[in-house]
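Visitor: The sequence isn't on hand, but the structure is:
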């Protein structure tokens, strides 16, 4: 069962929250981070992507970057942050257009992460773990939450409805038009939520596998080095990780689309013929209408692909697996999408026009628009202890860094 820990959050003063809040560190490049932080000395990107303040071309993993991050973090703590008076939980609501999802922010057990009570669906890369582990240790804090989901529970939903009927502590609309609202939860409601989560059998990492793995590594390294940490005395120390858990029926997964820079030495006609040998091909819309369809943009036109054969295997039957096994590997010779520099990935929030622009500009030769994986797919794969294919899911809207910070 899931253990939930209230914590004394380090958080922005409400008037500074909109300026401080930043997109997750791993969804922007250094150049994009620099542009987003330009003119805003409070942007948390100056902590999460501190290389933006160093000269162009600086190594983003150099000691200077982590030193600058720690310095900027301390400056923000002194100027714009406060520490909660007592251990609390927080309801965190994201609103993007008509879509609304309300999650519960708190600290969760790293031991339960190790034991797969908190389940994974993605492999992590050692270099990315190294980066965030060093970042956490340099700051003595976890500054961006892991995004969890769980099978919806009526008692948690009821408490969420009551608490969020009041005015939020933090409430702003970000530049991408996503509204972020946060309500602290203390007293009897906090204790009821802790008890309710003890009845939830499993949590699932939706987004933030590297943050979770890095929190586990930071805990282990602190133990090895005999570091006591700087926890705020709330019981939520380095043995826990900051996360926001959303009910499964509120989570929104968008497609994670693909673009390939060239046709693997094939002429356009030979490529189209090879695709037709493996798929049923027909003119269609830029976005697939259902699972089992993949939209392909090549030669200035969209076409719908339907595999000629399907498997019942829960992973092999995913559209991302079908595309990889029937087209990317045998036709375009892309065996490993993790390492092949010829393929790139575009989150569904950018729309299919972004795919068309990449192909029409010559920066890509072909684009594939995917139907989104379902939360049920993610849970089934995680429950089986299996791994989703790389770049399968794009969760939107995304949480912001710097709004709730767990001091370890």
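Guide: Perfect, thanks for sending it. Computed from a predicted model, the values in this text were never measured in an experiment.
Visitor: contacts, neighbours, all on C-alpha from now
Guide: Fine.
Visitor: Now do the domain split for the chain, please.
Guide: 4-252+396-407, 256-371 (automatic domain parsing).
Visitor: Include mean neighbour count and mean pLDDT when you put the ones you listed into JSON lines, please.
Guide: Shown next, in JSON lines, are these (neighbours: other Cα atoms under 10 Å; pLDDT from 0 to 100):
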{"stretch": "domain 4-252+396-407", "mean neighbour count": "19", "mean pLDDT": "96"}
{"stretch": "domain 256-371", "mean neighbour count": "17", "mean pLDDT": "95"}
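Visitor: Those: which one's closest to residue 389?
Guide: With Cα to Cα as the criterion, residue 389 lies closest to domain 256-371 of those, at 6.6 Å.
Visitor: Show me how far the closest one is from its chain's centre.
Guide: Taking Cα atoms, centre = their mean, to the nearest Å, one finds domain 256-371 lying 23 Å from the centre of the chain it belongs to.
Visitor: can you tell me the distance between the two ends of it?
Guide: 8 Å (Cα to Cα, to the nearest Å).
Visitor: Offset the numbering so it begins at 96, please.
Guide: Fine by me, first position is 96 from now on; the one you just mentioned is domain 351-466.
Visitor: Let's have the domains of the chain in CSV, adding distance to residue 473.
Guide: As requested, the domains of the chain are exported to CSV (distance: least, Cα to Cα, whole Å):
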stretch, distance to residue 473
domain 99-347+491-502, 7
domain 351-466, 10
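Visitor: and residue 305, what element?
Guide: Using DSSP states H and E, residue 305 falls within helix 304-319.
Visitor: What pairs with the helix or strand just after that helix, parallel or antiparallel?
Guide: As assigned by DSSP H and E, the chain's next helix or strand after helix 304-319 is strand 335-342. Applying DSSP bridges, strand 335-342 is found paired with strand 194-204 (antiparallel), strand 241-245 (parallel).
Visitor: need the next SSE after the last one, C-terminal direction.
Guide: Right, strand 241-245. Downstream of strand 241-245 (by DSSP H and E), the next one is helix 249-258.
Visitor: For that next one, name the packing helices and strands.
Guide: Applying 3 or more Cα pairs under 8 Å, 6 or more residues apart in numbering; DSSP states H and E, we find helix 249-258 packed against helix 282-292.
Visitor: which outside residues touch the helix it packs on?
Guide: Applying Cα atoms under 8 Å, 6 or more residues apart in numbering, the contact partners of helix 282-292 are 96-101, 183-184, 250-251, 254.
Visitor: cool, and stretch 240-253?
Guide: The contact list for stretch 240-253, computed with Cα under 8 Å, 6+ apart, reads 288, 291, 295, 297-304, 306-307, 336-344, 346, 494, 496, 499.
Visitor: Which of the helices or strands spans residue 208?
Guide: Counting by DSSP H and E, residue 208 is part of helix 205-209.
Visitor: before we move on, back to that, figure out which of the strands paired with strand 335-342 is closest to residue 258.
Guide: Once the strands paired with strand 335-342 are compared by Cα to Cα, strand 194-204 is nearest, at 11.1 Å.
Visitor: between that closest one and helix 282-292, how many degrees?
Guide: 80 degrees (axes from the mean of the first three to the mean of the last three Cα atoms, to 10 degrees).
Visitor: which residues are contacting strand 194-204?
Guide: With contacts defined as Cα under 8 Å, 6+ apart, strand 194-204 is touched by 97-102, 183-190, 255, 331, 334-342, 345-346, 501.
Visitor: Then stretch 352-360?
Guide: So stretch 352-360 is contacted by 366, 426-428, 437-443, 450, 453, 458-465 (Cα under 8 Å, 6+ apart).
Visitor: End to end on it, go ahead and measure it.
Guide: End-to-end for stretch 352-360, by Cα to Cα: 22 Å.
Visitor: residues touching the closest residue in space to residue 165 that isn't next to it in sequence, list them.
Guide: Once flanking residues are discounted, residue 165 sits nearest to residue 234: 5.1 Å by Cα to Cα, 6 or more residues apart in numbering. Contact analysis of residue 234 by Cα under 8 Å, 6+ apart lists 164-165, 168.
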